[in-house]
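Novice: below are the sequence and a predicted model; questions follow.
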Amino acid sequence: MGKLGWTMSGIRKNYIYGRWVEGDAVTENRNPARPQELIGYFASSGVAHVEAAVAAARAAQPAWAAATPQQRSDVLARAGAKLLERADEIGRLLAREEGKALPEAIGEATRAAQIFSFFAGEALRVSGQKIASVRPGVEIEVTREPLGVVGLITPWNFPIAIPAWKVAPALAAGNAVVLKPAELTPACAHVLTEILHEAGIPAGVFNLVMGQGSLVGQALTDHPDVAAISFTGSEAVGRSIAMACARTMKKVQLEMGGKNPLVVLDDADIETAVRCALNGAFFSTGQRCTASSRLIVQKGIHDKFVEALDAARLALRLGDPLQADTDIGPVVSENQLSGNLDYVALAAAEGCEVRGGGRLNHEGFFQAPALFVGATNAMRSSREEIFGPCASVIAVCDFDEALAVANDTRFGLSSGIVTQSLKYATAFRQKSQAGMVMTNLPTAGVDYHVPFGGRKASSLGSREQGPMAMEFYTGVKTAYEFAG
Ligand SMILES: NC(=O)C1=CN([C@@H]2O[C@H](COP(=O)(O)OP(=O)(O)OC[C@H]3O[C@@H](n4cnc5c(N)ncnc54)[C@H](OP(=O)(O)O)[C@@H]3O)[C@@H](O)[C@H]2O)C=CC1
Ligand SMILES: O=C(O)CCC(=O)C(=O)O
């Protein structure tokens, strides 16, 4: 026997009904910083694996729901502790498979551990209400119950934190889970599975099926025994999942893209403005749905801000995510890089002064961070999510115009303002049409214990993370009793 969940020839397997199960085929996971470096071979599965995983989850769920909150909490707490113990190792694996810089990668693994510990607590707090009836002698009880089997479909950009923030509340609420991670980054999900196995998750309560979205994800979404789907990824796939869930009457939760504005007013502290823009636009190679991809800058500070940000951009160190002095790693894949480069060309064709943005002469998928100076909000490069290290700089006259431009987007995930004015900070917080609003902070980088989500085309369904996450993973029951 090799490592847990590996075949003798080193292929990492699915996890179905407490057993490690081979796929139909094998995919390669490679390091985007050095594509010749193989991280590992992973099972690629088909519809039969989804069938088996859903059947396992269906069989196991009633006993998990009937377990005491303490039993569920203990498993989650053990998983949280193991994730924390292994945060450095998982961070290194994450940096190698996804490409984010090591401190961010270790931070993400730590965040996954904190999420499990948080939901170990929430498992103990599933509560109800006793309400007096309007009729004499009648008592009413409102409770929350698990949904049954839930399907979780996750993207590549947060390969351990996003699975964690879907799996942990789903299990805390008493559901059984089938997780389908992105094919580009299966290694972190495999480690999470190993950890849940070691933490004593009962067979069938948690299942991992790796494979293509169009096959495994689709089969999960269409399956009649799956009660709910929680998805994070692109708007196009999210939309198709919502339609499939409507056909089969499933509960659905979608977290999708953003074109997040960071407003910089004339009175902003320039250092804060540059720090927020640099972090929000370029860190994690811009591959965050909360990235600041539109910098909306008041004319009085515009030139000074652009020059200071450009100098900071040029000082960023791009390189191997595992090296201590690296700020920014590679783009996740050749495909994603080629899409980013198309947008750089588009911004130039639309009339922007493009600073940076070219492919670097490195071995991997490296791209220089890009500013599209002189952009307008009507340009396609300012309206479509790029999901790379690119930000449009849009000049505005005053706060009212800044707010109008910030809100003029199909998306509404996060937004930010840099100002020293309480009046404008308050007005922005109140009038921004985004689910998360930041003042003198980057638009990206959120806490794990409060609601996460957006409006308009960014999100559908109830919020993820924090206590509100339990809303999605439970259904309400209102029970009436004639007590005499
Ligand atoms: N909001 C966010 O956090 C994210 C947004 N994006 C956006 O999406 C763009 C493309 O990224 P990409 O990874 O292709 O995002 P996708 O939406 O294609 O992928 C997200 C997840 O959905 C799966 N999936 C794909 N097709 C289907 C389907 N028909 N039914 C069910 N599940 C499916 C994927 O599987 P698999 O990939 O294994 O085939 C993956 O696990 C990015 O450029 C960015 O704009 C991407 C990632 C995260
Ligand atoms: O900004 C963050 O901390 C989270 C971003 C995120 O969840 C995403 O990009 O999918």
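Specialist: Thanks, I have it. For clarity, every value in this text was computed on a predicted model and none was experimentally measured. Numbers count the residues shown, from 1 in each chain. Ligands and ions are numbered 1, 2, ... in the order given.

Novice: what does this protein have sitting close to ligand 2?
Specialist: 157, 158, 232, 288, 289, 290, 444, 445, 446 (C-beta under 6 Å from any ligand atom). Backbone N, C-alpha and C define where each C-beta goes, glycine included.

Novice: filter those to the buried ones?
Specialist: Among the residues of the chain next to ligand 2, those that count as buried by neighbour count (16 or more other C-beta atoms under 10 Å) are 157, 158, 232, 288, 289, 290, 444, 445, 446.

Novice: what's across from the third one in the sheet?
Specialist: Which is residue 232. residue 255 (DSSP bridges).

Novice: can you classify the nearest residue to residue 288 once chain neighbours are set aside as helix, strand or coil?
Specialist: Leaving aside its sequence neighbours, residue 288 sits nearest to residue 444 (C-beta to C-beta, 6 or more residues apart in numbering; 4.6 Å). Of the three states, residue 444 takes coil under DSSP: H, G, I helix; E, B strand; the rest coil.

Novice: so what's residue 444 up against?
Specialist: 260, 279, 280, 283, 284, 288, 290, 291, 292, 414 (C-beta atoms under 8 Å, 6 or more residues apart in numbering).

Novice: now, which of the residues you listed lie within strands?
Specialist: Within these, residues falling in strands by DSSP state E are 260, 292, 414.

Novice: returning to what we had before: tell me which two of the buried ones among the residues of the chain next to ligand 2 sit farthest apart.
Specialist: Greatest spacing in these, by C-beta to C-beta: 232 and 445 (16.5 Å).

Novice: now for the nearest residue to residue 212 once chain neighbours are set aside, how many residues are close by?
Specialist: Nearest non-adjacent residue to residue 212, counting by C-beta to C-beta, 6+ apart: residue 183, 5.9 Å away. Here the number of neighbours of residue 183 (other C-beta atoms under 10 Å) works out to 18.

Novice: residue 183 and residue 215 touch, don't they?
Specialist: No. Counting by C-beta atoms under 8 Å, no contact exists between residue 183 and residue 215, whose distance comes to 9.9 Å.

Novice: what pLDDT does residue 361 get?
Specialist: Reported pLDDT at residue 361 in the predicted model: 80.

Novice: again, but for residue 368
Specialist: 98.

Novice: begin at 55, not 1, for the rest of this chat.
Specialist: Right, with 55 as the first residue, what we last looked at is residue 422.

Novice: any idea how far residue 376 is from it?
Specialist: 20 Å (C-beta to C-beta, to the nearest Å).

Novice: show me what the strand or helix carrying residue 427 is packed against.
Specialist: If you go by DSSP states H and E, residue 427 is part of strand 424-429. Under the contact criterion of 3 or more C-beta pairs under 8 Å, 6 or more residues apart in numbering; DSSP states H and E, strand 424-429 touches helix 353-369, helix 388-403, strand 407-410, helix 434-437, strand 444-450.

Novice: off-centre distance for that strand?
Specialist: Remark: strand 424-429 is offset 26 Å from the chain centroid, using C-alpha atoms, centre = their mean, to the nearest Å.

Novice: now do stretch 219-232
Specialist: The answer for stretch 219-232 is 16 Å, by C-alpha atoms, centre = their mean.
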